[in-house]
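# kindly return the folded structure for what I paste below:
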Amino acid sequence: MYNILFVNKILQRYKLILFWLAVYGILFSFLQVYSKFYFYYIEQNHFFQNTWSFVFENLLEPGGLASVISGFLIQFFLLPYAGAAITAALLTIAGWLTYGIIGRITSPSGWLVACLLPVIALMLIQFNPNYLPFGTIAFLLTLINLYFVLSIKDFHRRLVFHLLATFALFYTAGSVYMLYAFAVTIYEFFKGSLLSYPVLLILLEALLIGTGSVYFLTYTAYRFAFLPDHYFHYKWLPGTLIYLSWVCVLLMVTAACLIRKRKIANKNIRMYVIVQILMVAGCCWWGILMYGFGERSKIIALDYYCRTEQWDSILELCKEPLNDYLSLGYANMALAKKGELGDKAFSYDQAGIEGLIFPWDKSAFSSMFLSDVYDAMKHLALSQKMAFEAFVITGSPRMLQRLVQTNLIYGAYPVAEKYICILENMYCYRKWAKAHRKFLYHDVAIELDAALGSKRKSLAKANFLSRIDGLDMDLQQLAIDNPCNRTAMEYAGVMYLLSKDMENFRKLLENCQQTEIFPVLPVSFQEAILIFSLKEPGYWTHDDISEVTKLRFFEFLKDVSANKNPRVALSVSLKPSYGDTYWYYHMFK
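Numbering: from 1, shown residues only. Predicted coordinates for the structure are as follows:
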């Protein structure tokens, strides 16, 4: 009889192991397919150095341990599959610990699938870019404390550990100590330990900790001291989703305490499991539709392709009609990087100058994006400024790399060396940083380098304050100083065309005539010149306009004259044939 029970116990344990391995496999597969680009984006918004001084400095802050563990793990998100693998592991551990906590309270039979509810809540909040991932680590630390403290049989010893754990969680994990305080209070209340009155000391301690942390300015508001708002960007309100993982744990502890002494008949366990599977599946489906990436998935993918310089992938992703300025900005940047901005800008659904230069709203994302745009223009001063703004906000390693490069180009070697030393303390950037040490105090090495050398040549020959005369004039000056930098002039010209500023575009053309910037005028420039020719036939007498462009323009005029439809209907009928021309944009947008 003993041998049969022992074998059954072993089989049950193996079933649990297989179940949690299956959960991990499903989570990993889903996260890798659904959000593989998102993990790269998350890594760019966190700053972690592998030095004892950095670790100790962060450990001194409330929630420091959770923050350090989170930062250490997130630095590996730059590696392929690592983000999905690490996140899936953390979520699986959360489910396993929840199951173990229920097992401390009552028989865990029939609870296995229900323990995935906190996992789903945690997974969904990961998709919000304003969520701070150290909240997941803090949640796990709470579950670990619950799992071990609830195994203590003696009430007085357990109460002492409750009080110690509440304060320890505040110091190591942040506001999640409130979740622990409420969970153990519920547990002790239903357990009826000494009428449960001493348990109120736990809530009193939690109240004093939270109030004191605000009074002594550890936290700036009570919602950060008592609620999971601590794990969300302080500028934004988190919404209800961030509370769901806490609510799930508290409800499950309450339910387990209520049915602790009741036995579920074996015939009913299957029904409970089926109901839980349907509930979990429904929550997943609803949660992904409600809180998933949606349109953000495209922007996150574009950000990744920009970072890895996959310009063709950006253009492929932007083939469909574009309805946001960011996507247009990425498409135009990709064209510029390929040297095709002036030729193919109007092949995309342009919507004004904001699609070329996205307005800066002082956010980290817009700062990083604009740093990339200005880098494409080779306007190093503004690219460096935006990189610094983004680094101050998020500590982005990629922006730190740009600061290294721009300072090397400018010859500010002490500053570049300081940033290189920081990057050498980051696991995934150490090799890159060491490779750039050879450029320090070595002008010849920089000038011979393909990337750094070309940008140093693009620096303005005369000092001027950026944007004092407007970005367009900056770009023209950069192009005139260095005719190899045709991208700057293309950006300036397309800016004028998008804003339909034909007077300044005319002046830009006159500047181009005096240089060798354009051996052949970009197609959109040729198309704009033909618009001038309607009123001033002799304006452009050079042979810079191709016969193909001229022939197409005459066909466009012929089709416009022959079509007597209203303006809206006319734009629809002409778009298939001329939607990629500046004439169509100038007339209908």
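# contacts, neighbours, all on C-alpha from now
Will do.
# against L335, how distant is W432?
Applying CA to CA, to the nearest Å, the value for W432 to L335 is 27 Å.
# these two: which has the busier surroundings?
Neighbour count, other CA atoms under 10 Å: between W432 and L335, L335 has more, with 22 against 13.
# that one and E490, how far apart?
Taking CA to CA, one finds L335 at 11 Å from E490.
# overlap in contacts of the two?
Residues within reach of L335 and of E490 at once, by CA atoms under 8 Å, 6 or more residues apart in numbering, are L341.
# where in the stretch 351-500 of the chain is pLDDT low?
Residues of the stretch 351-500 of the chain meeting the criterion pLDDT under 70: 461-469.
# 80 instead?
In the predicted model of the stretch 351-500 of the chain, residues 460-470, 472, 481, 483-484 satisfy pLDDT under 80.
# which stretches of this protein form strands?
In the chain, no strands are defined using DSSP state E.
# need the helix or strand of it with the lowest average pLDDT.
Among the helices and strands of the chain, helix 266-291 carries the lowest confidence by mean pLDDT, DSSP states H and E, at a mean of 71.
# so H46 versus G352, what's the distance?
To G352, H46 is 33 Å away according to CA to CA.
# check N485 too.
Distance from N485 to G352, by CA to CA: 24 Å.
# compare neighbour counts for these two and give me the winner.
Just comparing N485 and G352: by other CA under 10 Å the higher neighbour count belongs to N485, 22 against 19.
# select the longest helix from this protein.
In the chain, taking DSSP state H as the definition, the longest helix is helix 2-43.
# helices and strands around that one, which ones?
Using 3 or more CA pairs under 8 Å, 6 or more residues apart in numbering; DSSP states H and E, the elements in contact with helix 2-43 are helix 82-105, helix 296-307.
# 6 Å instead, please
Judged by 3 or more CA pairs under 6 Å, 6 or more residues apart in numbering; DSSP states H and E, the packing partners of helix 2-43 are helix 82-105.
# and the helix it packs on, what's its mean pLDDT?
Confidence over helix 82-105, taken as the mean pLDDT, stands at 93.
# off-centre distance for stretch 65-83?
14 Å (CA atoms, centre = their mean, to the nearest Å).
# repeat for stretch 306-316
17 Å.
# what about that stretch, start to end distance?
One end of stretch 306-316 sits 13 Å from the other (CA to CA).
# in that stretch, what's buried?
Using 16 or more other CA atoms under 10 Å as the test for burial, stretch 306-316 gives C306, W311, I314, L315.
# closest to M399 out of the residues you listed?
Distance to M399, by CA to CA, is smallest for C306 among those, at 13.0 Å.
# mind listing what that closest one touches?
Contacts for C306 (CA atoms under 6 Å, 6 or more residues apart in numbering) come out as none.
# report the separation between it and G174.
36 Å.
# so what's the residue count around V520?
V520 has 12 nearby residues by other CA under 10 Å.
# let me redo that: L117
When neighbours are counted by other CA under 10 Å, L117 comes out with 23.
# before we move on, what about G470?
Neighbour number of G470 under other CA under 10 Å is 10.
# now do it against M386, distance only.
Distance from G470 to M386, by CA to CA: 17 Å.
# again, but for F226
35 Å.
# who has more neighbours out of the two?
Between F226 and M386, M386 has the larger neighbour count (other CA under 10 Å), namely 28 against 24.
# show me what contacts the more buried one?
Contacts here follow CA under 6 Å, 6+ apart; on that basis M386 touches S367, S371.
# now P133: closest residue in space, sequence neighbours ignored.
Excluding its sequence neighbours, the residue lying closest to P133 (CA to CA, 6 or more residues apart in numbering) is S70, at 6.5 Å.
# my read: the one you found touches F134, true?
Yes: with contacts counted by CA atoms under 6 Å, S70 reaches F134, the gap being 5.0 Å.
# and for the two, which residues touch both?
Contacts common to S70 and F134, judged by CA under 6 Å, 6+ apart, are absent.
# the two: which is more packed in?
When S70 and F134 are compared for neighbours, F134 comes out ahead with 25 against 20, by other CA under 10 Å.
# per-residue pLDDT, that one?
pLDDT, F134: 92.
# quick one: contacts for it?
Applying CA under 6 Å, 6+ apart, we find F134 in contact with A66, S67, S70.
# then F170?
Going by CA under 6 Å, 6+ apart, F170 touches Y177.
# from the domain annotation, what segments belong to each domain of this protein?
Using automatic domain parsing, the domains assigned to the chain come out as 2-291, 309-539, 546-589.
# reformat those domains as JSON lines; add distance to K298.
Output for these, formatted as JSON lines (distance: least, CA to CA, whole Å):
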{"stretch": "domain 2-291", "distance to K298": "9"}
{"stretch": "domain 309-539", "distance to K298": "8"}
{"stretch": "domain 546-589", "distance to K298": "23"}
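# wait, S383 touches D375, no?
Yes: assessed by CA under 6 Å, S383 is found in contact with D375 at 5.4 Å.
# more neighbours, the two?
S383 (25 against 22).
# still on that earlier bit, need the buried residues of stretch 306-316 in TSV (columns: distance to Y197).
Shown next, in TSV, are the buried residues of stretch 306-316 (distance: CA to CA, whole Å):
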residue	distance to Y197
C306	60
W311	66
I314	63
L315	66
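# now flag whichever of the residues you listed is closest to I42.
Once CA to CA is applied, the member of the buried residues of stretch 306-316 that ends up nearest I42 is C306, at 15.2 Å.
# ok, that closest one to K455 distance?
Counting by CA to CA - C306 and K455 are separated by 18 Å.
# do the same with L471
Distance, L471 to K455, by CA to CA: 18 Å.
# between the two, which one's more packed in?
Using other CA under 10 Å, the more surrounded residue of L471 and K455 is K455, with 22 against 16.
# quick check: buried residues in stretch 172-182?
Buried, per 16+ other CA under 10 Å, within stretch 172-182: T172, A173, G174, S175, V176, Y177, M178, L179, Y180, A181.
# what is the rounded mean pLDDT of that stretch?
So the average pLDDT for stretch 172-182 ends up being 94.
# now swap in stretch 305-314 and tell me
On average, stretch 305-314 scores 92.
# first-to-last residue distance for that stretch?
With CA to CA as the measure, stretch 305-314 spans 6 Å from end to end.
# how far does that stretch sit from its chain's centre?
That offset, for stretch 305-314, works out to 16 Å (CA atoms, centre = their mean).
# do stretch 403-411 as well
On the basis of CA atoms, centre = their mean, stretch 403-411 is displaced by 26 Å from the centre of the chain it belongs to.
# go on, stretch 81-99?
Per CA atoms, centre = their mean, the centroid offset for stretch 81-99 relative to its chain is 20 Å.
# extract the C-alpha set from it and format it as CSV.
The C-alpha coordinates for stretch 81-99 follow below in CSV (Å, rounded to 0.1, in the frame of the first residue of the first chain):
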residue,chain,number,x,y,z
TYR,A,81,15.2,35.0,-27.9
ALA,A,82,16.4,36.1,-24.5
GLY,A,83,13.6,38.5,-23.8
ALA,A,84,10.9,35.9,-24.5
ALA,A,85,12.8,33.2,-22.6
ILE,A,86,13.4,35.3,-19.5
THR,A,87,9.9,36.8,-19.4
ALA,A,88,8.3,33.4,-19.9
ALA,A,89,10.4,32.0,-17.0
LEU,A,90,9.4,34.8,-14.6
LEU,A,91,5.7,34.3,-15.5
THR,A,92,5.9,30.5,-15.1
ILE,A,93,7.6,30.9,-11.7
ALA,A,94,4.8,33.3,-10.7
GLY,A,95,2.2,30.7,-11.6
TRP,A,96,4.1,27.9,-9.8
LEU,A,97,4.5,29.9,-6.7
THR,A,98,0.8,30.8,-6.7
TYR,A,99,0.0,27.1,-6.9
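# where's V392 relative to Q384, distance?
12 Å.
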